[in-house]
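*Asks:* prediction below, plus the sequence it came from.
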Amino acid sequence: MPTITYTDADGQTRDVQATPGDSVMETAVRNGVPGIVAECGGSLSCATCHVFVDEEDLATLPPVSDMEDEMLYGTAVDREDTSRLSCQIRVVDGQDLHVTTPATQV
């Protein structure tokens, strides 16, 4: 089972076993990971599941869609090169991920 390591803005980490096919956001919400608000529930209509993906992991993910790219301009914390919306990152069997949540989502 893949593992997602969530690091918060203060550097606290939490490893969570993830189910392939679920999103990084769904995994966080289901496991009570702080730092991901997910107001829209994953429908790509907010930016409250913003994360910074580890650079090594970023290269293994599908590219950002035009809609996700547009939504990333509405994040509460400035967008960075490694910014993604966690609702748009699907867990893949055999692929561990490391993401960092920003200091705030709203």
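*Replies:* On my side now, so go ahead. Numbering: from 1, shown residues only.
*Asks:* going forward, measure contacts between C-alpha atoms and count neighbours the same way
*Replies:* Noted.
*Asks:* from residue 10, how far out is residue 46?
*Replies:* 24 Å (C-alpha to C-alpha, to the nearest Å).
*Asks:* if you could redo that for residue 82, that was the one I meant.
*Replies:* According to C-alpha to C-alpha, residue 82 stands 18 Å off from residue 10.
*Asks:* of those two, give the one with the bigger neighbour count.
*Replies:* More neighbours surround residue 82 than the other of residue 82 and residue 10, with 16 against 10 (other C-alpha atoms under 10 Å).
*Asks:* can you give me the pLDDT of that one?
*Replies:* You'll see residue 82 listed with a pLDDT of 98.
*Asks:* so what's it up against?
*Replies:* By C-alpha atoms under 8 Å, 6 or more residues apart in numbering, the contact list for residue 82 reads 52-55, 58.
*Asks:* so residue 22 makes contact with residue 88?
*Replies:* No - counting by C-alpha atoms under 8 Å, residue 22 stays clear of residue 88, with 9.7 Å between them.
*Asks:* so these two - more neighbours on which side?
*Replies:* Using other C-alpha under 10 Å as the criterion, residue 22 and residue 88 rank with residue 88 on top: 20 against 15.
*Asks:* which parts of the protein are strands?
*Replies:* 3-7, 13-17, 50-53, 83-85, 97-100 (DSSP state E).
*Asks:* how about those strands, which one is nearest residue 75?
*Replies:* strand 50-53 (6.8 Å; C-alpha to C-alpha).
*Asks:* the closest one: partners in the sheet, and parallel or antiparallel?
*Replies:* Note on strand 50-53: by DSSP bridges, its sheet partners are strand 83-85 (antiparallel), strand 97-100 (antiparallel).
*Asks:* make a markdown table out of those strands and add mean neighbour count and distance to residue 32.
*Replies:* What follows is these, written out as a markdown table (neighbours: other C-alpha atoms under 10 Å; distance: least, C-alpha to C-alpha, whole Å):
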| stretch | mean neighbour count | distance to residue 32 |
| --- | --- | --- |
| strand 83-85 | 25 | 17 |
| strand 97-100 | 22 | 15 |
